[in-house]
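Participant: Can you look at this prediction? I've put the sequence above it.
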Amino acid sequence: MSSFSQQSLLVKKKLPGRAAKSKCLQRSFLPVLAVGGDPAPPWTIDQIAGLIFGASLLAIYLSLGKVDEWVARSQRQQMGLCPECGGLNEPKTSEIDFASAPSRRLTGSGPTTKSRHLASIPVIDLAQPDHLAAEEVAAACSSVGFFYVRNHGVDEAVIENQFVQSHAFFDLPLEEKLKIKANASQRGYYPYSMGSAKNSKGQHDQKEAFNVYGFESDSTHLPFHGHNLWPPETMLPDFRPAMLAYYDAMNQVGIRILRLLGLALKLGPDYFLPKFQASTSNIRCVHYLPQQYSPADGICGVGAHTDWGMLTVLATDAQPGLQISHEGSWIDVEPRPGHFVINIGDLLDRWTGGKFCSTLHRVINKTGKDRYSCPFFLAPDWNAKIEPLPGLQDPTINGSQKVVTCGEWLSMRRAAEYGGKPLVAL
Ligand SMILES: O=C(O)CCC(=O)C(=O)O
Ligand SMILES: [Fe+2]
């Protein structure tokens, strides 16, 4: 990774330890010296023991910040991330080593357990002229990596139908849902506690999900290839049409954002489009359990991660839960009616040499109610080459590393996250 992108990741994704912990330990453990002429009485064994005990407590307390920082660093190192910032280390050799490919998933509590509102998650109005919207997209993508869009042109009924059908599907008896359990092509149903990466304590994400891809293929020997799985029409006759309509609508939004990205990068509005002709994009309906709020235990609806692909278009119901890592804190991304949340994925982060950043995020469903969401993960065609972008060429990456195809990239990320095993085997 170039020093520019390393630095930008350092700034944007720095994970502070507890270095700035409170300075409140002011109680003295030293015995008070007697004033006046009398020498202080000799210390008793109990007093000396108390002094040693107090000093040890103080030493442990002062080193806590360091230990925390050390644990975070070694956790990042184990995951193949930059130990300083949690950013993605680029492979150094010309071959991609699928077995040791980096995962950007972060388990545990992440930046800090503190969360706050960020008034400034940008809201971009898609009704404005493209050149103005593109300027706002450029600013959002090179800072927070997340933004809302409004006036996106998607019919409310299409969004509503997706949520209605998603509820109906997750309400089915488990035995029915398990009949279309996700296969190795990542399509179909993921029950709770399956098909998601585990945290450091072996706990899975607190969610169940259903995946639909926009492309289908008989080449089932390739990762992500295969056919979508559907619940029987006799049971949910409106499910498939609702999901396909939603996919199409999200794809339109994705293409609109792609055009703005092309403009934002001064490559022209059509630059990316040829690589999205038979895209490997998918939608994922997600149902989160109400959960205990215990990020310290590493229990999340979705653990801290970055998305793999180009960008994500997210619709959620009215329940909050999404948080992004920004300047060392977890920031709540409040649901906004009529808006989608857009975030940059790792593939675009890489493609732009880190100019546009993918940002760590997670979901903690702490309202005590069920939560439903539906991200659309936009990704290029399987064989699309992720070539250096004009004006953004980085010789330290591109001089030493073969160009990756989208398929290689996705496979690498999947291997990193799931140890290369088909998800159904987890
Ligand atoms: O449900 C959400 O709000 C976000 C889900 C998410 O980040 C993901 O599935 O990658
Ligand atoms: Fe995500």
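Facilitator: Structure received. Ligands and ions are numbered 1, 2, ... in the order given.
Participant: Bridged to the closest residue to ligand 1 within the chain, which residues?
Facilitator: Nearest to ligand 1 in the chain, going by C-beta to the nearest ligand atom, is residue 373, at a distance of 3.3 Å. Glycine gets a C-beta too; all of them are placed from N, C-alpha and C. In this entry, residue 373 is beta-bridged to residue 286, residue 316, by DSSP bridges.
Participant: pretty sure it is in contact with residue 314, am I right?
Facilitator: Yes: counting by C-beta atoms under 8 Å, residue 314 is a contact partner of residue 373 at 6.4 Å.
Participant: so what sits against both of these two?
Facilitator: Shared contacts of residue 373 and residue 314 (C-beta atoms under 8 Å, 6 or more residues apart in numbering): residue 322.
Participant: residues near the residue of the chain closest to ligand 1, how many?
Facilitator: Residues within reach of residue 373, counting by other C-beta atoms under 10 Å, total 26.
Participant: confidence score at it?
Facilitator: For residue 373, the pLDDT comes out at 98.
Participant: cool, and the one 5 residues further on?
Facilitator: The predicted local confidence for residue 378 comes out at a pLDDT of 98.
Participant: What helix or strand is residue 409 located in?
Facilitator: helix 406-418 (DSSP states H and E).
Participant: what's that helix packed up against?
Facilitator: helix 346-351 (3 or more C-beta pairs under 8 Å, 6 or more residues apart in numbering; DSSP states H and E).
Participant: just so I have it, where are all the helices in the stretch 151-300 of the chain?
Facilitator: Counting by DSSP state H, counting those that start in this stretch, the stretch 151-300 of the chain has helices at residues 156-170, 174-178, 239-264.
Participant: is the helix holding residue 409 anywhere near ligand 1?
Facilitator: No: contact of helix 406-418 with ligand 1 is not found when judged by C-beta under 6 Å from any ligand atom; the minimum separation is 11.4 Å.
Participant: quick one: average confidence on that helix?
Facilitator: Rounded mean pLDDT across helix 406-418 is 84.
Participant: and if you look at stretch 249-266?
Facilitator: In the prediction, stretch 249-266 has an average pLDDT of 98.
Participant: Over to stretch 352-363?
Facilitator: Stretch 352-363 comes out at a mean pLDDT of 90.
Participant: what's the answer for stretch 178-187, then?
Facilitator: Taken as a whole, stretch 178-187 has an average pLDDT of 92.
Participant: What of stretch 217-226?
Facilitator: Stretch 217-226 comes out at a mean pLDDT of 91.
Participant: ok, now which ones touch residue 271?
Facilitator: 262, 265.
Participant: quick one: pLDDT of it?
Facilitator: pLDDT at residue 271 comes out at 97.
Participant: distance of it from residue 255?
Facilitator: From residue 271 across to residue 255, the span is 12 Å (C-beta to C-beta, to the nearest Å).
Participant: now swap in residue 389 and tell me
Facilitator: According to C-beta to C-beta, residue 389 stands 18 Å off from residue 255.
Participant: Neighbour count for the two, which is higher?
Facilitator: Neighbour comparison, residue 389 and residue 255: the larger count goes to residue 389, with 19 against 15 (by other C-beta under 10 Å).
Participant: which residues in the stretch 301-426 of the chain form strands?
Facilitator: Using DSSP state E, counting those that start in this stretch, the strands of the stretch 301-426 of the chain run over residues 302-305, 311-316, 322-326, 329-332, 340-344, 361-363, 371-378, 385-386, 404-405.
Participant: Domains in this structure, by residue range?
Facilitator: Following automatic domain parsing, one finds the domains of the chain at 3-102, 114-418.
Participant: re earlier: can you put the helices of the stretch 151-300 of the chain in a markdown table and add distance to residue 225?
Facilitator: Formatted as a markdown table, the helices of the stretch 151-300 of the chain follow (distance: least, C-beta to C-beta, whole Å):
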| stretch | distance to residue 225 |
| --- | --- |
| helix 156-170 | 23 |
| helix 174-178 | 23 |
| helix 239-264 | 17 |
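Participant: and among the ones you listed, the most buried is which?
Facilitator: Most buried of these by mean neighbour count (mean count of other C-beta atoms under 10 Å) is helix 239-264; its value is a mean of 20.
Participant: Does it reach ligand 1?
Facilitator: No: Helix 239-264 does not reach ligand 1 (C-beta under 6 Å from any ligand atom); its nearest approach is 13.5 Å.
Participant: i'd like the first residue to be 39 from this point on
Facilitator: Happy to do that; since the first residue is 39 now, the last one works out to helix 277-302.
Participant: thinking again about what came up before, what's the angle between the helix holding residue 447 and strand 409-416?
Facilitator: Comparing the axes of helix 444-456 and strand 409-416 via axes from the mean of the first three to the mean of the last three C-alpha atoms, to 10 degrees yields an angle of 140 degrees.
Participant: Get me the contact residues on this protein for ligand 1.
Facilitator: So far as C-beta under 6 Å from any ligand atom goes, the chain lies against ligand 1 at 322, 324, 340, 345, 352, 354, 359, 360, 399, 401, 411, 413.
Participant: Please check these and keep the buried ones.
Facilitator: Burial by neighbour count, 16 or more other C-beta atoms under 10 Å: within these this picks out 322, 324, 340, 345, 352, 354, 359, 360, 399, 401, 411, 413.
Participant: could you list every residue that touches the fourth one?
Facilitator: It stands for residue 345. 381, 382, 383, 384, 396, 413, 415.
Participant: These into JSON lines, with extra columns for distance to residue 271?
Facilitator: Listed next are the contacts of residue 345 as JSON lines, based on distance: C-beta to C-beta, whole Å:
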{"residue": "381", "distance to residue 271": "34"}
{"residue": "382", "distance to residue 271": "37"}
{"residue": "383", "distance to residue 271": "33"}
{"residue": "384", "distance to residue 271": "37"}
{"residue": "396", "distance to residue 271": "38"}
{"residue": "413", "distance to residue 271": "25"}
{"residue": "415", "distance to residue 271": "26"}
